[in-house]
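Peer 1: Can you look at this prediction? I've put the sequence above it.
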Amino acid sequence: TSTRDLLFRLQNRPSLSPDWLRRTKTQHLQVPTCGWECIAIAKANLKIHGDGSHRKDISEDRSSVVNKAPREMEPQHRLEGNVGRKGRKAGGMVGVNIRLRGDDPDGDVLIFGALGPEAGLVTVENTGDNEAEVYLARELDHETGTEHQILLSLTDGHLGQDNYITHSLLILVEDTNDNIPVFTELPPSVVIQEHQHPGVIAQFRATDRDSGAFGQVVYQLAPNQDAEILDHFSVSTVKSGGVLMLESELDFEVKRLYQVVVEALDRASLGEVNTAQATILVEVSDIPDQPPEWVSVAAVTRIPEDVPLFSPVLQVKAVDGDRGIKNDIKYSITGGPEHLFGINEDTGLVYSKAMIDRESADARNGAFILEITAMEVVKTGGKGLSISTEVTVIIEDVNDEIPKFKSESYVAEISENAQKNTPVTFLGQNMIPEVFDHDQGTNGTFKLFLEGDDNMFEVTPSMGINDATFMIRVKDQNRIDFEQTKVINFTIVAKEVSKKGEETRASVTIYVRDQNDNPPQFLAKKYEVTIPENIKAGAIIAKIKADDKDSGYFGTEGIRYTAITGPISSALVLDNLTG
C-alpha cells in the first residue's frame with residue numbers, strides 16, 4: 001500500500017566483514033571482487049500483486065478471524081562470503097545475500113519469494129518466521145545483460161492465491177575485463193610484388209565485448225617473432241582498426257612467404273590485459289628482375305673428330321631467374337666457330353653442322369670454345385634478360401693425319417773427311433728439318449729413317465711424337481770423299497708406328513764439299529830436254545805439267561810452280577802459272 005525505493009549497489013571492492021547498513025531511501029551494498037561485478041538496485045514497491053481483491057479476505061477455514069495483511073518488508077542487508085565460484089553456498093547459490101524482514105500483526109509465518117521472468121536469477125531462502133535472505137543463483141554476465149528486474153514477494157498465506165506484497169529489485173551488472181578481443185575483419189593472406197615501396201599492405205579489425213577501456217582494442221606485432229618479420233613489417237592502430245605496414249622492400253628470390261603474427265589487446269590499465277593473435281600470410285610475387293639461370297650446362301664435353309654432320313654434341317638448359325614468372329628461354333651461339341656448330345634455339349641442343357677436324361687452325365690444341373647465350377622471351381614477345389656461358393668441346397683424335405715434313409725436299413752439304421756424327425748443313429731458309437703429325441698419342445707417334453744413303457748417314461731422333469726437329473749426320477766418314485762422290489741422293493721417311501702405318505717421304509740431296517786433302521803431282525817423274533849451246537835468252541826449253549785431284553783452287557786450278565834448282569838453275573826462269 002506504500003512505496004519505498006531501496007538501492008543496493010554491489011561493486012568490485014576488497015572483502016569486507018558483514019555489516020548492517022542503515023535503512024534509507026537509497027542504500028548501497030558493497031561486495032568483494034570475484035572476477036565479475038554487479039549492481040543491485042531494489043525498488044521497494046509495496047503493493048498487493050494481482051487484482052487486490054484478497055487483501056483483507058479471510059480464508060474459509062478461518063471465517064471467525066479477521067486476517068490482517070503483513071506489513072511491508074523491512075530489508076536488512078549483509079555481506080556474506082565471496083561473490084563467484086569460490087563463494088558459492090551449498091546447492092550452488094552464490095554467496096551474496098540481501099536479508100529481508102517482514103512483519104505481520106497476526107503473527108503469521110511469512111513466506112518470501114521472487115516473481116517475474118528473471119526470478120530464476122535469485123534464490124530466496126526463509127531464515128525465520130519473518131526473515132529471509134536473497135542469494136544470486138548464478139554468476140551474471142555484463143555482455144548478456146546489463147540489468148535484471150526481479151520482483152520480491154511477501155505473503156502470510158492468507159492473501160489469496162497469487163496475491164502478494166512485492167518489492168521491485170533492479171540488478172545492474174558492472175563490466176569486468178573477462179572477454180578477449182576477437183578478430184572480425186582479417187585478410188588471411190596478402191600478395192605484394194617484390195621491391196614494392198614501403199606502405200600499408202593490409203587492414204584488419206578486432207572487437208571486444210567488454211565496455212569502456214576493457215573493450216577498446218589496440219594493435220601491435222606479436223612479440224618473439226623472427227628478426228626478419230620485425231625488420232620488414234610494423235603494425236599501428238588507426239581509427240580503431242589495425243594497419244599492417246611494409247617497412248622495407250622484399251625480395252622474391254630471398255624469401256617468398258612471410259607469416260606475420262599480429263596481436264590485438266585491450267586497454268586495461270589494471271589487472272591482466274587480454275590479447276588475441278592472428279596470422280596474416282604475406283606472399284611475395286615475382287617481377288622480371290633476374291636473368292636466366294643455368295640448370296644444366298657441361299663445362300667440357302668430348303666428341304670424336306670424325307662425327308657425322310648434325311650429330312649431337314651437348315645440351316644446355318636454363319630457366320627464368322624469376323621463378324614466379326617462368327618466361328620461355330631461347331638459346332644461341334654468340335662466340336666460337338659458328339660455322340662448325342649450331343644450336344636448337346628452343347631445346348638448347350648443340351650439334352655439328354660441318355666436318356670437324358681436330359687438327360684445323362680453328363681448334364686450340366684440339367678443342368673449341370663456344371659461347372652460348374640464353375635469353376628470356378617476355379610475354380609480349382620482346383627480348384628479356386640474358387646470360388652467357390662458355391663451354392669447351394674437346395675433339396678426340398682419330399688417326400686421320402699422316403706425318404708431314406715441313407719441306408718437300410732437302411738440300412744440304414757436308415765436307416769430305418767429316419768426322420762421324422757430324423751433321424749436314426741444310427742450305428736455304430726454306431729447308432726446315434721438321435716433321436709433324438697432329439694426331440694424338442700413338443696416332444701421332446712416328447719413326448724416322450733413311451733409305452738409299454748406302455749407310456753413309458743416319459737421322460736423329462729416330463722417333464717423334466706429334467712433331468720433331470731432326471738432324472742428318474755422318475755415320476761412315478770413310479765413305480764420304482769428294483774425289484769419289486760429289487753428290488749423294490737419298491730419301492728420308494717418317495712412318496707412323498700405329499697399325500695403319502701411314503708414312504711420308506722427302507728427298508734429300510747432299511753435296512760433298514771438297515777439302516784440300518790431295519797434293520799436286522807431276523805428270524812425269526823425270527823430264528829430259530836437249531838444247532843447243534847458242535840458244536837465245538827467252539826461248540822455251542821445257543813445259544812442266546802437274547795436276548791435283550782436289551777441285552778448284554784446292555786442285556789443278558790452284559797449282560803454282562814455285563821453284564827450280566840445280567847447277568844451271570841460275571840461267572833458267574820458271575813460269576809459276578804455266579810451268
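Peer 2: In hand now; what should we look at? Numbering: from 1, shown residues only.

Peer 1: Let me see the contact set for Pro461.
Peer 2: Contacts for Pro461 (C-beta atoms under 8 Å, 6 or more residues apart in numbering) come out as Leu448, Ala468, Phe470. Where you see a C-beta, it was placed from the backbone N, CA and C, and this is true even at glycine.

Peer 1: Could you dump those into TSV and include secondary structure and distance to Gly160?
Peer 2: Listed next are the contacts of Pro461 as TSV, based on DSSP: H, G, I helix; E, B strand; the rest coil; distance: C-beta to C-beta, whole Å:
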residue	secondary structure	distance to Gly160
Leu448	strand	149
Ala468	strand	144
Phe470	coil	150
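
Peer 1: Closest one of those to Val124?
Peer 2: Ala468 (128.6 Å; C-beta to C-beta).

Peer 1: tell me which residues form a beta bridge with that closest one?
Peer 2: Legend: beta-bridge partners of Ala468 under DSSP bridges are Val435.

Peer 1: go on, Phe183?
Peer 2: With DSSP bridges as the rule, Phe183 is bridged to Ala206.

Peer 1: Pull the contacting residues for it.
Peer 2: Phe204, Arg205, Ala206, Ala264, Ala276, Ala278.

Peer 1: at 7 Å instead, please
Peer 2: Neighbouring residues of Phe183 by C-beta atoms under 7 Å, 6 or more residues apart in numbering: Phe204, Ala206, Ala264, Ala276, Ala278.

Peer 1: Tell me if I'm right that the last one and Gln259 touch.
Peer 2: It refers to Ala278. No. Contact criterion C-beta atoms under 7 Å: Ala278 and Gln259 do not qualify, at 10.8 Å.

Peer 1: Can you point out the buried residues in whichever strand in the chain runs longest?
Peer 2: Scanning the chain for the strand with the most residues, using DSSP state E, yields strand 383-396. By neighbour count with 16 or more other C-beta atoms under 10 Å, strand 383-396 contains the buried residues Gly384, Leu385, Ser386, Ile387, Val391, Thr392, Val393, Ile395.

Peer 1: could you dump those to JSON lines with pLDDT?
Peer 2: Output for those, formatted as JSON lines (pLDDT from 0 to 100):
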{"residue": "Gly384", "pLDDT": "81"}
{"residue": "Leu385", "pLDDT": "87"}
{"residue": "Ser386", "pLDDT": "89"}
{"residue": "Ile387", "pLDDT": "92"}
{"residue": "Val391", "pLDDT": "94"}
{"residue": "Thr392", "pLDDT": "92"}
{"residue": "Val393", "pLDDT": "91"}
{"residue": "Ile395", "pLDDT": "85"}
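
Peer 1: rewinding a little: out of the contacts of Pro461, who's nearest Ile492?
Peer 2: For these, the nearest to Ile492 is Leu448 (6.8 Å; C-beta to C-beta).

Peer 1: re the thing from before, mark which of the contacts of Pro461 are buried, thanks.
Peer 2: Going by neighbour count (16+ other C-beta under 10 Å), the contacts of Pro461 have Leu448, Ala468, Phe470 buried.

Peer 1: re earlier: mind checking which of Ala278 and Gln259 has more residues around it?
Peer 2: Comparing Ala278 with Gln259 by other C-beta atoms under 10 Å, the one with more neighbours is Ala278, at 19 against 12.

Peer 1: Thr275 versus the spatially closest residue to the more buried one that is not a sequence neighbour, what's the distance?
Peer 2: In this structure, Ala278 finds its nearest non-sequential neighbour in Phe183, 4.8 Å apart by C-beta to C-beta, 6 or more residues apart in numbering. From Phe183 over to Thr275 the distance is 12 Å, taken as C-beta to C-beta, to the nearest Å.

Peer 1: Return every residue with contacts to both of these two.
Peer 2: By the contact definition C-beta under 7 Å, 6+ apart, Phe183 and Thr275 are jointly contacted by Ala264.

Peer 1: what bits of the stretch 351-500 of the chain have low per-residue confidence?
Peer 2: Counting by pLDDT under 70, the stretch 351-500 of the chain shows low-confidence ranges at 380-382.

Peer 1: cutoff 80 now
Peer 2: Scanning the stretch 351-500 of the chain for pLDDT under 80 picks out the ranges 358-366, 379-383, 397-400, 438-441.

Peer 1: Thr347 - how many residues pack around it?
Peer 2: 12.

Peer 1: residues making contact with the next helix or strand after the longest strand of the chain?
Peer 2: Using DSSP states H and E, the helix or strand that follows strand 383-396 in sequence is strand 404-405. Contact with strand 404-405 is made by Val435, Phe436, Ala494, Thr504, Ala506, as judged by C-beta under 7 Å, 6+ apart.
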